[in-house]
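> Kindly return the folded structure for what I paste below:
(one chain, ligands or ions: 2)
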Amino acid sequence: MSKLSFAIPSKGRLKEQTEQWLAELGFPVSQIGGERGYQAEIAGLGDVEMRLLSASEIARGLIEGSLHIGVTGEDLLHDFAPDGASEFRIVRQLGFGGADVIVAVPQAWLDVDTMADLEAAGAAFRKLHHRRLRVATKYMRLTRRFFAAKSVGEYRLVESAGATEAAPTTGAADVIVDITSTGATLKANGLKILDDGVILKSQASLALSPAADWSDEAQASCLRLLERLEPNASPNAKNLLNTFLTHV
Ligand SMILES: Nc1ncnc2c1ncn2[C@@H]1O[C@H](COP(=O)(O)OP(=O)(O)OP(=O)(O)O)[C@@H](O)[C@H]1O
Ligand SMILES: O=P(O)(O)OC[C@H]1O[C@H](OP(=O)(O)OP(=O)(O)O)[C@H](O)[C@@H]1O
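Ligands and ions are numbered 1, 2, ... in the order given. Okay, here's the model as predicted:
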């Protein structure tokens, strides 16, 4: 893997705005094979291997090192990184794809407004029902880290593959951790965010992979790419890459 691999979202929420951001900088993306083609070219970025992948795959690729640079949601990067934020480098937050990862409980839980209340409720729940409160989420690592930081241990995780906000109503779980932007889904499902329950304020970001194979060719291409994508901050791009590479 000597050529620089640069991944952008192939579908979903972040695709259109990523392409718009690149087009505004003068780099229109053309998808090879039309709308459903998963290969792409960006005119003017000749020495870069473009990859079209889902936002989740991009986060995983950056953490594992199969990609050098990519655009994805910070929530996904944080969640896929087993050891936390040292496993990726944010070059630039892109100002779109904004959403918060939050802890929410049923509105009817009048005594539970904070993470400390949740821990107390979990202890009481276990005494009464002889089992732990269940927290439904797809953000397994983020949830574990946040709950530990808040000294909440009276819970067990239930992995959710979608429609997480429905879990308290269907009985699949008692509490949820999920992403929210307008708050409409939480409201529709009778849930409230805990006062200190915002785990992460996420947005789409351009990120580098410390785990990738940074050949001389990849470094040189990355510097050229950053200088083009950061037209107002070229010296910063160079500093950023140098600092980044000396810490890899
Ligand atoms: N309201 C929102 N709900 C979910 N994700 C949002 C929202 N607003 C912004 N995002 C961002 O978009 C990302 C999800 O995008 P998308 O659904 O395309 O990705 P994905 O997880 O790769 O998809 P898939 O689950 O199909 O693999 C989130 O991780 C988050 O960074
Ligand atoms: O705060 P809101 O604006 O209501 O947005 C939040 C919801 O949007 C996403 O779900 P989506 O409908 O994309 O389905 P998904 O569960 O398949 O991601 C996300 O998982 C939340 O459920």
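
> in the protein, which strand has the most residues?
strand 191-202 (DSSP state E).

> Quickly run through the sheet partners of it, with directions.
Strand 191-202 has these partner strands in its sheet, going by DSSP bridges: strand 99-106 (antiparallel).

> Is any residue of the partner strand near ligand 1?
Yes: under the criterion of Cβ under 6 Å from any ligand atom, ligand 1 is reached by strand 99-106 at Ala99. For glycine as for every other residue, the C-beta is placed from the backbone atoms N, C-alpha and C.

> Flag every residue of this protein that's near ligand 2.
Gly162, Ala163, Glu165, Asp178, Ile179, Thr180, Ser181, Thr182, Gly183, Ala184, Thr185.

> Kindly recompute the last result at 5 Å.
With Cβ under 5 Å from any ligand atom as the criterion, the chain comes near ligand 2 at residues Gly162, Thr180, Ser181, Thr182, Gly183, Ala184, Thr185.

> For the second one, give the beta-bridge partners.
Listed beta-bridge partners, Thr180: Asp100 (assigned using DSSP bridges).

> And the one helix or strand Pro168 maps to, what's buried?
Pro168 belongs to helix 167-170 when elements are defined using DSSP states H and E. Neighbour-count burial for helix 167-170 flags Ala167, Pro168 (criterion: 16 or more other Cβ atoms under 10 Å).

> elements contacting it?
Identification of packing neighbours for helix 167-170 by 3 or more Cβ pairs under 8 Å, 6 or more residues apart in numbering; DSSP states H and E yields strand 133-137, strand 175-180.
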